[in-house]
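*Asks:* here is the input, now give the coordinates:
(4 chains)
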There are 4 protein chains.
Amino acid sequence: MIVILKPNATKTQTDNLLSDLQGMGFTYHYSEGAQSTIIGIIGDTSVIDTDMLKANDIVADVKRVSEPYKLANRKFHPTDSVFEIAGRLVGEGHFSVIAGPCSIETEEQITEVAQAVKKSGAAFLRGGAFKPRTSPYAFQGLKGEGLDLLVKAKKATGLPIVTEIMNQHHLDMFSDVDVIQVGARNMQNFELLKELGHCDKPILLKRGLSNTIEEWLMSAEYIMAGGNERVIFCERGIRTYETFTRNTLDLSAIPALKAVSHLPVIVDPSHATGLPWMVEPLTKAAIAVGADGVMIEVHNNPKKALCDGAQSLTPEQFDSVMGQVKALAAFEHKKL
Amino acid sequence: MIVILKPNATKTQTDNLLSDLQGMGFTYHYSEGAQSTIIGIIGDTSVIDTDMLKANDIVADVKRVSEPYKLANRKFHPTDSVFEIAGRLVGEGHFSVIAGPCSIETEEQITEVAQAVKKSGAAFLRGGAFKPRTSPYAFQGLKGEGLDLLVKAKKATGLPIVTEIMNQHHLDMFSDVDVIQVGARNMQNFELLKELGHCDKPILLKRGLSNTIEEWLMSAEYIMAGGNERVIFCERGIRTYETFTRNTLDLSAIPALKAVSHLPVIVDPSHATGLPWMVEPLTKAAIAVGADGVMIEVHNNPKKALCDGAQSLTPEQFDSVMGQVKALAAFEHKKL
Amino acid sequence: MIVILKPNATKTQTDNLLSDLQGMGFTYHYSEGAQSTIIGIIGDTSVIDTDMLKANDIVADVKRVSEPYKLANRKFHPTDSVFEIAGRLVGEGHFSVIAGPCSIETEEQITEVAQAVKKSGAAFLRGGAFKPRTSPYAFQGLKGEGLDLLVKAKKATGLPIVTEIMNQHHLDMFSDVDVIQVGARNMQNFELLKELGHCDKPILLKRGLSNTIEEWLMSAEYIMAGGNERVIFCERGIRTYETFTRNTLDLSAIPALKAVSHLPVIVDPSHATGLPWMVEPLTKAAIAVGADGVMIEVHNNPKKALCDGAQSLTPEQFDSVMGQVKALAAFEHKKL
Amino acid sequence: MIVILKPNATKTQTDNLLSDLQGMGFTYHYSEGAQSTIIGIIGDTSVIDTDMLKANDIVADVKRVSEPYKLANRKFHPTDSVFEIAGRLVGEGHFSVIAGPCSIETEEQITEVAQAVKKSGAAFLRGGAFKPRTSPYAFQGLKGEGLDLLVKAKKATGLPIVTEIMNQHHLDMFSDVDVIQVGARNMQNFELLKELGHCDKPILLKRGLSNTIEEWLMSAEYIMAGGNERVIFCERGIRTYETFTRNTLDLSAIPALKAVSHLPVIVDPSHATGLPWMVEPLTKAAIAVGADGVMIEVHNNPKKALCDGAQSLTPEQFDSVMGQVKALAAFEHKKL
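*Replies:* Have a look, this model is predicted:
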């Protein structure tokens, strides 16, 4: 970590800072230049909060030379992580399609969708039982009952299941779930992340509404630091001023994460855009840019307008998208 | 709620939508115009998720006519809410200054700061025991021990205390806390909000990093819907592209909230900017724009560079800011 | 255009608004509902500024039913526009690669790069003679002399040339240029756009730093309204809070523009990310998402660190990217 | 300027970079640390484009130690600039109110508004003759005829006038204008800025929709570098995701600019929010935060709904705001 001092730093102030650093167990390299003085901090600087260091009166700027994440860092884990989950491989070289409805409604609904998406080639079934909703008056999901229906659909089809957790104290209810999803609004719910670090299930970690790639990596690090190293990133769009799409899908995040981390990365085009007709081109773009999978909303009854059927693909539309996925994934030498 | 249909909506599709609406217990006003057809939904539309309705194939746009928040809404509660908290009044006509260190470190530190800020005129003491940190390797606060030290400082000075909660299952530990703070990263941690709706303490609800004013109101609504109507908003800057300040303080949010809600609103200039020298002008702006208080970081040992001393005001600097606050608050007929 | 009135609109205020509308030559459909009154304005509403109408005291909201752009609108021009430019076809079904250095430096440099990119399969040569620079002290380009060198490279290689204009009064100097580029900072320089509407050259219109897709379409409309209908959009990233990449490339904008407009759309991955190693995956994503081309920076001397060589691909790197482009474009049935 | 090299930089790469620097006339301080190597560039680094330097393969980061602006920089001009314009003083210690309609419509309109705002205490009259409009089909202003009417209102009232220029070739028409405004969309129209650098009138430079404070200072520098040192900044809100207000007014920008520059800074609450009822609280906040003035829209006929009357204050409302302005400015020892 490089600390650039302001030109007007006094010797006393500088000595105080250096002695604080020593007190924390760091050594340093000190270089006084013509324009400014620079301190190179040596040691495990991941414990230092750069914002706080920047706030020091005599500090002009702070620049990390090494990234603050370790377990998620490709430098210390050069080979791509590929996870085996219920017989499926997720990670580099594979393209995992997760599909299903936003909310679980009835046994018939979730099982029918499960059968349809399996037939079209999806590797995982998704469905929401606990729904994070902006309004306390909106439907919050079927909760435990919804989880039960999802597990029934898993048994009926053999598809492993992905579903969202909102409260660390619900973890017991997730024993039959194959992949636990952390939603965008909980990406920096550190208490939840810590608990998930102690469970033995893969975590699908969605990017927060306006979180940086580095913050996202640090949230993965929270989970991994607890012992659970199976984290899968899911890019789902960031909040910008643009209103054509619900969020702005940041596909640059895929090669960015692939460069600095060994963990798998998938893309959620359904939530990112809120526009079913954009799912196909953005899924293809996700394959081409190097993503390891997609998560797509599919609902079997889109005339049910007031629930989330309408923002989803129909099973027929999904089947058509899967035709494109299969061809492009084969072209890119990715296994479905 | 107004639903504007697309020009190409078929009769069958429209009938399906209307019958769904009836099935949910709504009545409607139907108007077929030259350019487009409009449905006015009548009933308690706060249960409707507009995003989902917008996603319907035949829907061009959805516009709420009534706001989705009720308990926080000034329409149903025209007079300003003023809360009595440990003998202090918080709300319109008053200007509450909350001051103290970012993190509680030692009994000596928190008590000294408490005595200093009390002497300068602060009404509440703040201090963090549970710290939400981007990195799992950074100091996470003294936790329960920190709460104990804060309570000691309260007893020593008589100042009521404000501190952050990160986990609903810590609530038992907050029995001596006067105001419970929800941090920006937890503004949409709905499980936490629900629990806080069942406690009998005022909640200081910080705005999320990139949350809209309406989403913020809806998070207050989550707490209020549980029975706890004492919510205080705290504007602490939103995330934008600008890097001069850490975040961009949105002072327009103060008159916005005052117009649509009856709840008190305060401002946190310390976190918003990350620059101690901006606290004075922005605190004055907060008074002038109509805020009901400020929350200011004060630390008694800013040479401790690696903890958060440096981004704070010294007690002397805080005393100088308070001189300005007293004069301007008096000018604006606000009681400290 | 739908105007939703506030519930408290008086009859006099409403009559004033209706009479203003009539005075402007509009007719209207008036519908008084249970909750709110709605006016449907009939006529060419593209002359109405919705922001101003929204600001009317009695107006709750305004919603365009028809888009404010006409000439760029696919509704009135259902078939894709494909432009023939110097023997090359640009638009749907084709994939045009524009390559070259950010700045033109010497005859040798621009000619060597031109020969290299031609050999690798680029269809157009780009090079900047007039450079929009944040600082008045930075190198502003070779200007007229740079244009001369670019034309020499065109003659030497036969490649048509693309270069940026910054001042409408330089138009005379662009007579040998094949495509005139409008940079992001000039996307809403309406005086420049108007002049370009009267010239007979295709315009490459870059998206502004934080402009919406609709504003971008309206800027194309400015050019087209003057008589010049050959506008090509170029997505080059928007400004967000994320700092990993220089800007955030918005690939959703490609299917968005393709859906609502008939004009060609290309992508600039070099400027969007500022990271040469991201050019290949984002170029592939651009093909897969449906773009009609890319613009890539190539420089023959990347050791020249203080000019813009370093952010560019070397000719060898570009050749490798073109290998990927050729294969994927063929797979997607796009002609290079 | 500090350049931090990547750990894997080879000696040859480093030598190339150092020799390039020398070739450009710079000397340097070279420091090889345990973790990374740092180059301190000595000389006038304002000509260096940091983005381009950052793009060099071996460069990890670049940090300016000195700001890239000189003439606008408080370091080289420690005292506040106060400009005398038509007998009024603009700058620190003064509070200048500029008021008038968005668009000039008729002689009667502009003269009546001028008389009204003068009576209430405005120091300058504003009115738009050339209007930057998103749509080519919207009213673009009365242009030259509008300027004539504005000059008539100036003669009738004695108020100096402020109006926007959109095209450097209109400069001749602005001979009777007292302050020339550059709109947000032209903040980085460098050709326009350069021309304004050669004129002898003060320039009111609005902040671009999503421009940083540093970019804004650099645009002032463009004007000042041409010889015209009378630049006044005008904060008018930045583009964010929030939709309650049209833009997000960034009042932190006022103390930021005051700290780093000697130039005056005013605030435009009318355009920032688009909400007339927010003008009063935000004008008061502007005074309290240290701004040197405000620009407020006033229209005498707000029932004219389709032009911009409605987003303006009426003369009566403006008079009421001026009552507040006079009291608070006196409290803050600012002269109107």
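
*Asks:* wait, isn't residue A:295 in contact with residue A:266?
*Replies:* Yes: Residue A:295 lies in contact with residue A:266 (Cβ atoms under 8 Å); the separation is 6.1 Å. Just so you know, the C-beta spots here come from the backbone N, C-alpha and C atoms, and that holds for glycine as well.

*Asks:* which residues are common contacts for those two?
*Replies:* A:98, A:204, A:234 (Cβ atoms under 8 Å, 6 or more residues apart in numbering or on different chains).

*Asks:* filter these down to the ones in helices?
*Replies:* Using DSSP state H, no member of the shared contacts of residue A:295 and residue A:266 sits in helices.

*Asks:* now, those that are in strands?
*Replies:* A:98, A:204, A:234 (DSSP state E).

*Asks:* which stretches of the stretch 1-150 of chain A have low pLDDT?
*Replies:* For the stretch 1-150 of chain A, applying pLDDT under 70 flags the ranges A:34-35.

*Asks:* and if we set it to 80?
*Replies:* A:7, A:33-36, A:46-47, A:49-52, A:54-57, A:65-66 (pLDDT under 80).

*Asks:* ok and the residue in it nearest chain B?
*Replies:* residue A:55 (3.3 Å; Cβ to the nearest Cβ).

*Asks:* okay, the closest residue to that residue other than its chain neighbours: pLDDT?
*Replies:* What sits nearest to residue A:55 in space, not counting adjacent residues and going by Cβ to Cβ, 6 or more residues apart in numbering or on different chains, is residue B:311, at 3.3 Å. Looking at residue B:311, its pLDDT stands at 74.

*Asks:* how about the contacts made by residue B:311?
*Replies:* So residue B:311 contacts A:51-52, A:55, B:102, B:270, B:274-276, B:297 (Cβ under 8 Å, 6+ apart).

*Asks:* of these - the most surrounded one?
*Replies:* Counting neighbours by other Cβ atoms under 10 Å in any protein chain shown, residue B:270 leads these with 28 neighbours.

*Asks:* with adjacent residues omitted, what lies nearest to that residue?
*Replies:* In space, residue B:270 is closest to residue B:297, 4.0 Å off (Cβ to Cβ, 6+ apart).

*Asks:* using CSV, write out every CA atom in the helix or strand that the one you found is a member of.
*Replies:* Per DSSP states H and E, residue B:297 falls inside strand B:293-297. Presented in CSV, the C-alpha positions along strand B:293-297 are these (Å, rounded to 0.1, in the frame of the first residue of the first chain):
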residue,chain,number,x,y,z
GLY,B,293,-30.9,17.9,12.9
VAL,B,294,-27.4,16.6,12.0
MET,B,295,-25.2,13.8,12.9
ILE,B,296,-21.5,14.7,13.2
GLU,B,297,-18.4,12.6,13.8
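
*Asks:* can the longest helix belonging to chain A be found next to chain B?
*Replies:* Of all segments of type helix in chain A, defined using DSSP H, the longest is helix A:315-331. No: judged by Cβ under 8 Å from any Cβ of the partner chain, helix A:315-331 and chain B are separated, with a smallest distance of 11.3 Å.

*Asks:* over to the closest residue to residue A:128 other than its chain neighbours: give its phi and psi.
*Replies:* Residue nearest to residue A:128 in three dimensions, not counting chain neighbours: residue A:103, with 4.9 Å by Cβ to Cβ, 6+ apart. With angles defined as degrees, to the nearest 10, residue A:103 sits at phi -120, psi 140.

*Asks:* count the neighbours of residue A:103 for me.
*Replies:* 23.

*Asks:* so it makes contact with residue A:141?
*Replies:* Yes: in this structure, residue A:103 is within contact of residue A:141 by Cβ under 8 Å, at 5.9 Å.

*Asks:* which neighbours do these two have in common?
*Replies:* Common neighbours of residue A:103 and residue A:141 are listed as A:128, A:131 (criterion: Cβ under 8 Å, 6+ apart).

*Asks:* spit out the contact partners of the residue nearest to residue B:270.
*Replies:* B:99-102, B:270-271, B:276, B:308, B:311-313 are the contacts of residue B:297 under Cβ under 8 Å, 6+ apart.

*Asks:* repeat that for residue A:75.
*Replies:* residue A:67.

*Asks:* same thing with residue A:244?
*Replies:* Neighbouring residues of residue A:244 by Cβ under 8 Å, 6+ apart: C:212-214, C:252-253, C:256.

*Asks:* in a markdown table, list those residues along with neighbour count and secondary structure.
*Replies:* Listed next are these as a markdown table, based on neighbours: other Cβ atoms under 10 Å in any protein chain shown; DSSP: H, G, I helix; E, B strand; the rest coil:
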| residue | neighbour count | secondary structure |
| --- | --- | --- |
| C:212 | 19 | coil |
| C:213 | 21 | helix |
| C:214 | 19 | helix |
| C:252 | 29 | coil |
| C:253 | 24 | helix |
| C:256 | 24 | helix |
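
*Asks:* look up phi and psi at residue A:219.
*Replies:* phi -70, psi -40.

*Asks:* doesn't residue A:205 make contact with it?
*Replies:* Yes: with contacts counted by Cβ under 8 Å, residue A:219 reaches residue A:205, the gap being 6.2 Å.

*Asks:* more neighbours: which of the two?
*Replies:* residue A:219 (31 against 26).

*Asks:* so what's the more buried one scoring on pLDDT?
*Replies:* pLDDT, read off for residue A:219, is 98.

*Asks:* residue contacts, it?
*Replies:* A:187-188, A:190, A:193, A:205, A:208, A:211.

*Asks:* same thing but 7 Å
*Replies:* Neighbour list for residue A:219: A:187-188, A:193, A:205 [criterion: Cβ atoms under 7 Å, 6 or more residues apart in numbering or on different chains].
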